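S.K.: using only what follows, build the 3D model:
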Amino acid sequence: MARTALDLLADDETRTKLAAGSRVLEQRSGSETYSLSDPRLGNLLNVLGPVGNAGIPVNDKSSLRVATVYACTRILAESVAMLPLKLYRKTADGREEASDHPLYRVVHREPDYKRQTSFEWREMLQGHLCLRGNAYARIGRNAFGDVVSLRPLHPDQVMPWEHERSGELFYRVSTKAGESQEFTANDILHVRGLSSDGITGLSPVKMLCDSIGQSLAARAHMGSSFKNGNRFPGYLSAAGQIKPGDAQLLADAWDKARTERNNKPPVLWGGLDWHSVGMNHQEAQIIEGLGTDVKDIASAYRIPMVMLAHGDKAATYASVEQFLISFANQTLQPWLERWEQRLGMQLLTTKEKDAGYYFAFNLKALLKGDAKSRAEFYKTMREIRAIKVNEIRAGEELDDLPDHIGDNVREGFNGQGGGADGDNQSTVTSNTTQDDEDDL
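M.R.: Below you'll find the model as predicted:
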């Protein structure tokens with residue numbers, strides 16, 4: 001089959017994109033017209049949001065008006081942001097923080113140079129994941145190719161697409177000026193949630209549009225009902241004909257009577273009848289229960305009901321530790337794995353990965369128990385010689401002991417500035433006892 005000029009141009013465009021690497025591949029004016037198949041039109045649909053069975057458009061902004069969605073998003077975003085995220089390097093004895101690596105500063109302290117802290121950066125991107133299913137950041141590099149910044153991008157600005165022939169992923173980023181730029185996958189950090197195509201993550205808000213839309217509709221109806229007092233939804237009727245002027249007088253008199261009686265039932269006169277067309281209190285309670293949708297939304301986000309103040313049982317101190325372990329393993333760990341693997345995949349070179357570099361969150365900040373439990377744990381770990389004294393002190397945010405006396409995991413610690421293992425301590429005690437007997 002003969003190849004057309006359009007095919008040749010398309011091939012040339014592909015070769016240019018693959019060869020350009022981290023350069024901006026194209027810039028287009030905002031006045032350009034697009035076909036209906038253009039993926040950039042998906043941004044418009046994201047802004048408008050899908051319409052659920054309640055007939056209300058649901059998007060990330062409107063969904064946050066539902067308290068449960070806001071609470072679930074905030075819990076996940078703050079939990080991921082509060083955990084220390086560091087770059088580590090494997091060693092012969094285990095691992096160590098790779099604080100001398102340029103990426104350590106970028107990820108651990110200042111991803112978006114002088115604009116956002118690591119906490120703020122991760123909180124924002126995890127919020128995007130909770131609402132949109134995707135989080136993006138522009139990878140900034142210096143002249144040597146080192147990563148120096150991770151500038152966050154709003155999901156509405158980014159449209160990933162796959163080239164039909166090469167299978168290469170590209171990202172079309174819209175600017176505030178109405179232009180668009182295209183980048184290769186090497187230039188965009190993309191953390192995605194559950195995905196059906198491996199290109200974009202599924203939006204939790206879209207998946208929950210029915211539950212969220214029902215909650216929004218119910219709350220809007222309840223607000224209108226309470227605004228009217230939820231007492232007199234209906235109309236007045238008279239036995240005979242009423243002139244237009246008299247009807248207005250009756251309406252004004254009715255409103256005045258309600259106001260003067262503080263929304264207590266007014267007294268009807270002149271043969272007027274009242275016909276109720278609104279909800280009774282039982283129906284209002286049904287709408288209230290429908291409006292919450294707490295369980296459906298919380299289960300989708302895997303947030304325990306007790307964290308939303310909707311638990312059937314009050315949390316006790318005896319159950320807090322197990323509760324936190326369950327929350328960390330079942331809710332947080334999948335998100336942390338996504339972060340760790342994506343950061344390692346896109347920010348570390350093959351040589352660095354082979355050298356043992358990797359990113360990891362520290363869950364100890366979340367799973368710390370009470371003082372008594374920690375003391376018992378440390379004691380047991382020291383007795384089986386699985387932990388150093390200085391490691392215990394580091395876990396409690398205390399300074400190391402001087403002269404490295406707390407760095408030997410094989411030696412016991414006598415608390416007097418020295419170490420002695422169990423056998424030596426027993427020998428010392430035995431010799432001391434024998435000397436005492438000789439003196440006698």
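S.K.: in the chain, which spans are strands?
M.R.: 27-28, 85-91, 94-97, 134-141, 147-153, 158-162, 169-174, 180-184, 188-192, 234-238, 272-276, 357-361 (DSSP state E).
S.K.: output the ones you listed as TSV; include the columns mean pLDDT and distance to Ala71.
M.R.: C-beta here means a position set from N, CA and C on the backbone, and glycine is covered the same way. Formatted as TSV, those follow (pLDDT from 0 to 100; distance: least, C-beta to C-beta, whole Å):
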stretch	mean pLDDT	distance to Ala71
strand 27-28	41	40
strand 85-91	94	23
strand 94-97	89	34
strand 134-141	96	20
strand 147-153	95	23
strand 158-162	93	27
strand 169-174	94	31
strand 180-184	92	35
strand 188-192	97	22
strand 234-238	65	37
strand 272-276	64	36
strand 357-361	96	22
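S.K.: with distance to Trp121 and mean neighbour count added, can I get those in TSV?
M.R.: Shown next, in TSV, are those (distance: least, C-beta to C-beta, whole Å; neighbours: other C-beta atoms under 10 Å):
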stretch	distance to Trp121	mean neighbour count
strand 27-28	27	12
strand 85-91	10	17
strand 94-97	19	11
strand 134-141	8	20
strand 147-153	6	19
strand 158-162	16	18
strand 169-174	18	19
strand 180-184	19	19
strand 188-192	11	20
strand 234-238	55	12
strand 272-276	55	11
strand 357-361	14	20
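S.K.: which of the ones you listed sits closest to Ser211?
M.R.: strand 134-141 (20.8 Å; C-beta to C-beta).
S.K.: pLDDT below threshold where in the protein?
M.R.: Residue ranges of the chain with pLDDT under 70: 1-54, 221-240, 242, 254, 257-292, 311-320, 369-370, 410-440.
S.K.: would you mind giving the domain segments of it?
M.R.: 14-230+290-369, 232-278, 371-430 (automatic domain parsing).
S.K.: pick the most buried one from these.
M.R.: domain 14-230+290-369 (a mean of 16; mean count of other C-beta atoms under 10 Å).
S.K.: wait, doesn't Arg138 sit right on Val147?
M.R.: No. Between Arg138 and Val147 there is no contact under C-beta atoms under 8 Å: 10.9 Å.
S.K.: will you turn the strands of the chain into a markdown table that also has distance to Asn390?
M.R.: Compiled in a markdown table, those are given as follows (distance: least, C-beta to C-beta, whole Å):
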| stretch | distance to Asn390 |
| --- | --- |
| strand 27-28 | 55 |
| strand 85-91 | 16 |
| strand 94-97 | 14 |
| strand 134-141 | 36 |
| strand 147-153 | 32 |
| strand 158-162 | 45 |
| strand 169-174 | 46 |
| strand 180-184 | 45 |
| strand 188-192 | 35 |
| strand 234-238 | 76 |
| strand 272-276 | 76 |
| strand 357-361 | 21 |
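S.K.: wait, which of those is closest to Ala67?
M.R.: strand 134-141 (23.3 Å).
S.K.: list the pairing partners of the closest one within its sheet, with orientation.
M.R.: Applying DSSP bridges, strand 134-141 is found paired with strand 147-153 (antiparallel), strand 188-192 (antiparallel).
S.K.: can you list contacts of the last one?
M.R.: This means strand 188-192. Strand 188-192 has contacts (C-beta atoms under 8 Å, 6 or more residues apart in numbering) with 125, 129, 133-139, 150, 153, 158, 160, 171, 173, 200-201, 338-339, 342-343, 346-347.
S.K.: out of the strands of the chain, nearest to Asn408?
M.R.: Short answer: strand 94-97, nearest of the strands of the chain by C-beta to C-beta, at 14.9 Å.
S.K.: direction included, what does that closest one pair against?
M.R.: strand 85-91 (antiparallel).
S.K.: send the alpha carbons of the strand it pairs with over as PDB?
M.R.: The C-alpha trace of strand 85-91 is given here as PDB (Å, rounded to 0.1, in the frame of the first residue of the first chain):
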ATOM      1  CA  LEU A  85      10.200   9.800  53.000                       C
ATOM      2  CA  LYS A  86      13.900   9.300  52.400                       C
ATOM      3  CA  LEU A  87      16.400   7.900  49.900                       C
ATOM      4  CA  TYR A  88      18.300   4.900  51.200                       C
ATOM      5  CA  ARG A  89      21.400   3.000  50.100                       C
ATOM      6  CA  LYS A  90      21.900  -0.700  50.900                       C
ATOM      7  CA  THR A  91      25.100  -1.600  52.800                       C
END
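S.K.: any idea of the angle that strand forms with strand 357-361?
M.R.: Orientation note: strand 85-91 sits at an angle of 140 degrees relative to strand 357-361 (axes from the mean of the first three to the mean of the last three C-alpha atoms, to 10 degrees).
S.K.: picking up where we left off before, which among the strands paired with strand 134-141 is found nearest to His310?
M.R.: strand 188-192 (29.0 Å).
S.K.: the closest one versus strand 158-162: what angle between them?
M.R.: 90 degrees.
S.K.: hmm, back to that, Throw the strands paired with strand 134-141 into JSON lines and include distance to Tyr378, thanks.
M.R.: Converted to JSON lines, the strands paired with strand 134-141 look like this (distance: least, C-beta to C-beta, whole Å):
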{"stretch": "strand 147-153", "distance to Tyr378": "37"}
{"stretch": "strand 188-192", "distance to Tyr378": "35"}
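S.K.: which residues in the stretch 1-150 of the chain form helices?
M.R.: Assigned by DSSP state H, counting those that start in this stretch, the helices in the stretch 1-150 of the chain fall at 5-20, 41-48, 60-63, 67-82, 102-108, 118-132.
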